[in-house]
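[1] quick one: sequence and predicted model below, then my questions.
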Amino acid sequence: MGTAKRTGTRRDYPVKGGQYIGGNAVVMLAAGLAVGFASASPTDICAGVSNLGVDNTTGFDGETRIGVEVGDHKFLNSGDIDNADVGSDAFFVDERTLSIDSATNTRPKAGVITQVESDGVWVWLGIK
């Protein structure tokens, strides 16, 4: 097989057993398996935002996969992110709000801040 090349912003990941992940939701990777934000730990990796929901509540690890979009996504600003933070890591306060503060490593990393606006903050989500 030759070298493959991928373009675009879509990725697919296996879903952890017992998980329901809704559409247009933050998807985290826990030991390589997709979980919903509510099940995430501070050490999990943000994979992106789901395209469609997936119900694996009665399935086993990896039985189904979920499509996610990587790239710039806009979130609410907790109030502590400003233009000087562009290029820095942002951390989830909750699924819709970001902060520059990791709260002593108790918040999962969202991604890299790419732009700050008056009504929110743009962050690159996903694995490059």
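    Nice, I can see it. Residues are numbered from 1 along each chain as shown.

[2] just the helices in the protein please.
    Taking DSSP state H as the test, none of the chain falls into helices.

[3] low-confidence ranges in it?
    Residue ranges of the chain with pLDDT under 70: 1.

[4] which residue is nearest the middle of it?
    In the chain, the centroid-proximal residue (C-alpha atoms, centre = their mean) is residue 46; its distance is 3.2 Å.

[5] surely residue 54 meets residue 25?
    No - using C-beta atoms under 8 Å as the test, residue 54 is too far from residue 25 to be in contact (9.9 Å). Every C-beta, even on glycine, is put in place using the N, C-alpha and C of the backbone.

[6] quick one: residue 67 and residue 12 touch, right?
    Yes - counting by C-beta under 8 Å, residue 67 touches residue 12, with 5.2 Å between them.

[7] between the two, point out the one with more neighbours.
    Legend: neighbour count by other C-beta atoms under 10 Å for residue 67 and residue 12, higher for residue 67 (17 against 12).

[8] residues touching that one, list them.
    10-12, 50-52 (C-beta atoms under 8 Å, 6 or more residues apart in numbering).

[9] now, among the residues you listed, which is nearest to residue 80?
    Comparing the contacts of residue 67 against residue 80 with C-beta to C-beta places residue 50 closest, at 27.1 Å.

[10] quick one on the thing from earlier: nearest to residue 93 among the contacts of residue 67?
    Using C-beta to C-beta, residue 50 comes nearest to residue 93 of the contacts of residue 67, at 19.8 Å.

[11] and that closest one, what are its bridge partners?
    Beta-bridge partners of residue 50, counted by DSSP bridges, are residue 68.
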